[in-house]
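Chemist: quick one: sequence plus predicted model below, questions after.
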Amino acid sequence: MLNLHRLIGFASMTVLMASHEALATPAEEAKVAAVISAVAVYADNRDFTTLEGFFAPETLIDYTSLWGGEARRLTPRELMAAWSGLLPGFDATRHQLSDINVELDGEQAIAAATVTATHWLENATWTVSGTYDYVLVRRGSQWRVSAMTFHLADENGDRGLVQKAADRIDEKAQ
């Protein structure tokens, strides 16, 4: 009887390992990278309804290297409210991602990407560059961002454009 229990335990462990290995494929890494890329594209296109679907029910957002303060846990709706309260105030934005690296660990992925984000308003620009670190979780067949941390490396242009963009949004709301 003991041998049967060992055999069942070994078989269960083998199935778990095989499913973990099946998940850690180049195709799954590509799915994670596609979600990360989509976040940038949908944000730049101001499609906050679609963008909301790329986030976990709660996401840790950390822009402390840029703004100070503390990282915040936000629902997708809260995050979209924050982004839609700023991004449409710019004439255009472009979050250019490169060097997306993904490591899979079961139902979680850790990723990093280099980013240059340019924001245009009238005849001025504000550009920040650095890296993003991401944590994504798998829900069914979909990957969702559960943490996103920006690490500022460089900043050029007029940071004051951020307030001007926010003011534009406030003026439109009145």
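Modeler: That came in fine, so what should we check first? It should be emphasised that the depicted structure is a prediction, and the values quoted were computed from it without experimental measurement.
Chemist: low-confidence regions, the protein specifically.
Modeler: Applying pLDDT under 70 to the chain flags residues 1-23.
Chemist: ok, now with 90
Modeler: Within the chain, the segments meeting pLDDT under 90 span 1-25, 139-141, 171-174.
Chemist: and the strands in it, which stretches?
Modeler: For the chain, the strands defined by DSSP state E occupy 55-62, 72-74, 92-105, 108-121, 124-139, 142-157.
Chemist: tell me what angle the fourth one forms with strand 124-139.
Modeler: To tie it back to what came earlier, the one meant is strand 108-121. Inter-element angle recorded for strand 108-121 and strand 124-139: 160 degrees (by axes from the mean of the first three to the mean of the last three CA atoms, to 10 degrees).
Chemist: strand 108-121: how far from the chain's middle?
Modeler: Relative to the mean C-alpha coordinate of its chain, strand 108-121 is positioned 8 Å out (CA atoms, centre = their mean, to the nearest Å).
Chemist: what do you get for the fifth one?
Modeler: Relative to the centre of its chain, strand 124-139 is centred 6 Å away, using CA atoms, centre = their mean.
Chemist: picking that back up, what's the closest of the strands of the chain to Q174?
Modeler: strand 108-121 (19.1 Å; CB to CB). Every C-beta, even on glycine, is put in place using the N, C-alpha and C of the backbone.
Chemist: show me what that closest one is packed against.
Modeler: Under the contact criterion of 3 or more CB pairs under 8 Å, 6 or more residues apart in numbering; DSSP states H and E, strand 108-121 touches helix 26-44, strand 92-105, strand 124-139, strand 142-157, helix 161-173.
Chemist: need the strands of the chain in JSON lines with distance to V39 and mean neighbour count, can you?
Modeler: Output for the strands of the chain, formatted as JSON lines (distance: least, CB to CB, whole Å; neighbours: other CB atoms under 10 Å):
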{"stretch": "strand 55-62", "distance to V39": "8", "mean neighbour count": "17"}
{"stretch": "strand 72-74", "distance to V39": "14", "mean neighbour count": "14"}
{"stretch": "strand 92-105", "distance to V39": "8", "mean neighbour count": "15"}
{"stretch": "strand 108-121", "distance to V39": "10", "mean neighbour count": "19"}
{"stretch": "strand 124-139", "distance to V39": "9", "mean neighbour count": "18"}
{"stretch": "strand 142-157", "distance to V39": "7", "mean neighbour count": "17"}
